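A.B. asks: Build the 3D model from these lines:
(chains A and B)
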Amino acid sequence: MPTKLRLAVYKFASCDGCQLQLLDAQGKLLEIARRIDIDHFLEARSQVVEGPYDIALVEGSITTPEDAERIRKIRRDCRYLVTLGACATAGGIQALRNWGNIEEFVSAVYATPSYISTLATSTPIADHVPVDFELRGCPIDTGQLVELLTAFLLGRKPHVPSWSVCVECKSSGAVCVAVTQGIPCLGPVTQAGCGAICPAHGRECFGCFGPSEPANLVSLTGHYQQQGIPPEQLGRMLRSFTAEAPAFRAEGDRLRGLQP
Amino acid sequence: MSELRRISVKALTRVEGEGALRIRVRDGTIEIAEFNIYEPPRFFERLLRGRAFAEVPDITARICGICPVAYQLTACQALENAFGVQITPAIAALRRLLYWGEWIQSHSLHIHLLHAPDFLGYESGFSLAVDRPEFVERGLRFKAIGSRIMEVVGGRAVHPINVAVGGFFKAPAAAALRGLIPDLEWGLAAALELVRDVSQFEFPSLQCPATCVALRSDTGSPSDSGRIISSAGLDIAIDEFEQHFAEEQVPHSTALYSLQLPDRTPYLVGPVARLNLCREQLPPHTRRSVEACGIDWPLVNPYKSIVARALEVAAAFEESLGIVRDVMADINPCRVEVTPREGTGCAATEAPRGLLYHRYSVTADGLITAATIIPPTSQNQAQIEKDLRGLLPSVLGFADALVSSRCEQLIRSYDPCISCATHFLTLVLDRGEA
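C.D. replies: The predicted structure follows:
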């Protein structure tokens, strides 16, 4: 019998939501645990089996000097490194500090800022080490996680779409909120994977899967501005859960330059 | 010659988030018993400044992937209070249903995958599942039903997308809500069995009396309204919270400690505190199980919190059934109009891990100028350290590894959520040997 795949799960600055998807896994958790050795998963088991591992699943962004060092050790200890979610792939909501002054951020929350060790920026894992595959989303989709693990078990590439939320929206038969209600929606420039749940609930996509490939941000925000949406509102939309993703960062900065 | 012993657990396991434990004992005297939270801070209170009020429920959800609804709903209520907005009873009921879904999934995750392995002698839920598949699979079915409630009402189980200030973006279909009934009926009956199962676990004896604090409603389980009461006789309105409790920072934690004024004393929130204070308000089946489960109330042994959590799973199923059986048609409107105005509003609700308090100041344009968020684990942190000091004398005779594991078990029984509290866990036991 061949050796089972060995999996490790790691957390950096994050909310635990993406790891939690593994404990959900569409009812397949115990089946996954039978087929893959989950050898390092601090939040779910006390026993740690030392690496090297076949797959490392990494949640969270890099925000402390210690974590910048820790991710390098993790990279050395695994064959494939997969980043999970908006924090690991694009810095997460905590990357909003990248546009602020870190001393001011720390002192706004902590009475004694000197006790806090933090970097001025929150950055994606790929800024620090090579990443083999990424699952987007805030949180990741459990279906995509199960697909990823299945692909590893079968030794093939995971099937994860790179088209935009609009494709999922149309195929699900949801009514377009931008066209019918004039609501500025990031669906046309956001990567699919969530099942277009926000438009299906009559609200705008707020880009939690990050930019699709390709994404024409200038054209989309220009269209919304013609509809009377102020650039500061569009700028805030881009500066949320995947603000540090290059396409969203560039357009957010450009819109900010347009403000009085 | 003095004897110094250091014990440390560098990364606590089966807790949500990153924490550690450091203990230093000199000549048999406990000098330090610290529950370290090293989870990197994410500065939510600061990054909310300048955001539009409508964005707050989506942003605060990201504080915690295990209890996002707690953050969303507390934020919504605080902002509605700032704007003088009254939601309808139907919207309030739908919000509570969403909240009960979160209680069910959060508590059943903790009971089955994180906590029960301690009592049954396993290192994880995975290894427990090999020998006791029926126990773990029932737990995962509870969790799946909780997630299903969150999907039906909130649009997604982790970080729901259907929650708005003023109500919901889209009303869940009445048929989808009624469709939950068979699972909820199974859930209530199975949760009452779960209470019997976990109450028969063998619990280490430990007495940790604490000042319990919870939000008590006149009727129903503690959830989203009522008065903040304590076992020491406190009885205040929610907007008086900050006059009676204060946060302070300690060097060994990125979580702020919340303490009770005037003497800055520890207190306990969460399932044990709620059941110690609010048993009378529970729905009838759960209420009978509270009396029959063999616990002498008030509960002072922290390890038995697993029984309290199981009782709350039953309560959440029973409360949910009450709500969905009442739904005759789609709830419309499911959102009331919200017009921002300059002001400040606060709210408190009972998250799965205990009392959660939010306060926001908003401009006339609806932009946030100040945010204060006090999560349950911040409030329990000082009590956890106090109880570690209570536990240590009885275990210090053991080898370091056993001291560590007993301390970890104690910490785990509070179900600390480190992601929430950071602004959390690694054990370091220092026995004074250089």
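
A.B. asks: alpha carbons only for contacts and neighbour counts from here, please
C.D. replies: OK.

A.B. asks: Give me the neighbour count for the residue in the stretch 201-350 of chain B that chain A sits nearest to.
C.D. replies: In the stretch 201-350 of chain B, the residue that lies nearest chain A is B:Pro251 (5.4 Å; C-alpha to the nearest C-alpha). If you count neighbours by other C-alpha atoms under 10 Å in any protein chain shown, B:Pro251 ends up with 13.

A.B. asks: so how far is chain B from A:Arg35?
C.D. replies: 12 Å (C-alpha to the nearest C-alpha, to the nearest Å).

A.B. asks: my guess is A:Gly137 contacts A:Gly210, does it?
C.D. replies: Yes. Between A:Gly137 and A:Gly210 there is a contact under C-alpha atoms under 8 Å: 7.2 Å.

A.B. asks: Show me whatever sits in contact with both of those two.
C.D. replies: Common contacts of A:Gly137 and A:Gly210, defined by C-alpha atoms under 8 Å, 6 or more residues apart in numbering or on different chains, comprise A:Ala86.

A.B. asks: Could I get the buried residue list for the least confident helix or strand in chain A by mean pLDDT?
C.D. replies: Ranking every helix and strand in chain A by mean pLDDT, DSSP states H and E puts helix A:102-109 at the bottom, with a mean of 80. Going by neighbour count (16 or more other C-alpha atoms under 10 Å in any protein chain shown), the buried part of helix A:102-109 is A:102, A:105-106, A:109.

A.B. asks: next one: stretch A:156-174
C.D. replies: Applying 16+ other C-alpha under 10 Å to stretch A:156-174 flags A:158, A:160, A:163-166, A:168-169, A:174 as buried.

A.B. asks: now swap in stretch B:141-161 and tell me
C.D. replies: For stretch B:141-161, a neighbour-count test (16+ other C-alpha under 10 Å) marks B:141-161 as buried.

A.B. asks: circling back to that earlier point, what residues does the least confident helix or strand of chain A touch?
C.D. replies: Counting by C-alpha under 8 Å, 6+ apart, A:97, A:113, A:116, A:119-121, B:43, B:45-47, B:423 sit against helix A:102-109.

A.B. asks: cool, and stretch B:70-80?
C.D. replies: With C-alpha under 8 Å, 6+ apart, stretch B:70-80 has contacts from B:53, B:56-58, B:60-61, B:63, B:86, B:95, B:99, B:163-166, B:224, B:338, B:344-352, B:356-360.

A.B. asks: out of those residues, which touch chain A?
C.D. replies: Contacts with chain A within the contacts of stretch B:70-80, counted by C-alpha under 8 Å from any C-alpha of the partner chain: B:Ile63.

A.B. asks: Just the contacts of stretch B:70-80: which are in strands?
C.D. replies: Within the contacts of stretch B:70-80, membership in strands is found for B:163-164, B:344-351, B:356-360, as judged by DSSP state E.

A.B. asks: Of all pairs in those residues, which one is the farthest apart?
C.D. replies: Farthest apart among the ones in strands among the contacts of stretch B:70-80 by C-alpha to C-alpha are B:Thr344 and B:Ala351. That separation is 22.0 Å.

A.B. asks: quick one on the thing from earlier: can you pick out the residue with more neighbours from A:Gly137 and A:Gly210?
C.D. replies: Set A:Gly137 next to A:Gly210 and count neighbours by other C-alpha under 10 Å: A:Gly210 wins out with 31 against 26.

A.B. asks: what's near enough to touch residue 207?
C.D. replies: Since no chain was named, I'll use chain A. A:Gly207 neighbours (C-alpha under 8 Å, 6+ apart): A:186-187, A:189-191, A:237-238, A:241-242.

A.B. asks: I was after chain B.
C.D. replies: B:300-302.

A.B. asks: what does B:Arg389 give?
C.D. replies: Per C-alpha under 8 Å, 6+ apart, neighbours of B:Arg389: B:30, B:33.

A.B. asks: So it lies in a helix, does it not?
C.D. replies: Yes. Membership of B:Arg389 in a helix is supported by DSSP: H, G, I helix; E, B strand; the rest coil.

A.B. asks: Span of stretch A:23-40 from start to end?
C.D. replies: End-to-end distance of stretch A:23-40 (C-alpha to C-alpha, to the nearest Å): 14 Å.

A.B. asks: And for the closest residue to A:Val49 other than its chain neighbours, the neighbour number?
C.D. replies: Nearest non-adjacent residue to A:Val49, counting by C-alpha to C-alpha, 6 or more residues apart in numbering or on different chains: A:Asp39, 5.0 Å away. When neighbours are defined as other C-alpha under 10 Å, A:Asp39 has 20 of them.

A.B. asks: Give me the three-state assignment for A:Asp39.
C.D. replies: Reduced to three states by three-state DSSP, A:Asp39 is strand.

A.B. asks: what's near enough to touch it?
C.D. replies: A:6-8, A:47-50.

A.B. asks: surely A:Phe133 meets A:Thr83?
C.D. replies: Yes. Contact status for A:Phe133 versus A:Thr83: in contact at 6.6 Å, counting by C-alpha under 8 Å.

A.B. asks: more crowded one of those two?
C.D. replies: A:Thr83 (26 against 17).

A.B. asks: Quick check: nearest residue in space to the residue of chain A found nearest chain B, chain neighbours excluded?
C.D. replies: Nearest residue of chain A to chain B (C-alpha to the nearest C-alpha) works out as A:Gly17 at 3.6 Å. Spatial nearest neighbour of A:Gly17, chain neighbours left out: B:Gly65 (3.6 Å); criterion: C-alpha to C-alpha, 6+ apart.

A.B. asks: Okay then, goodbye and thanks.
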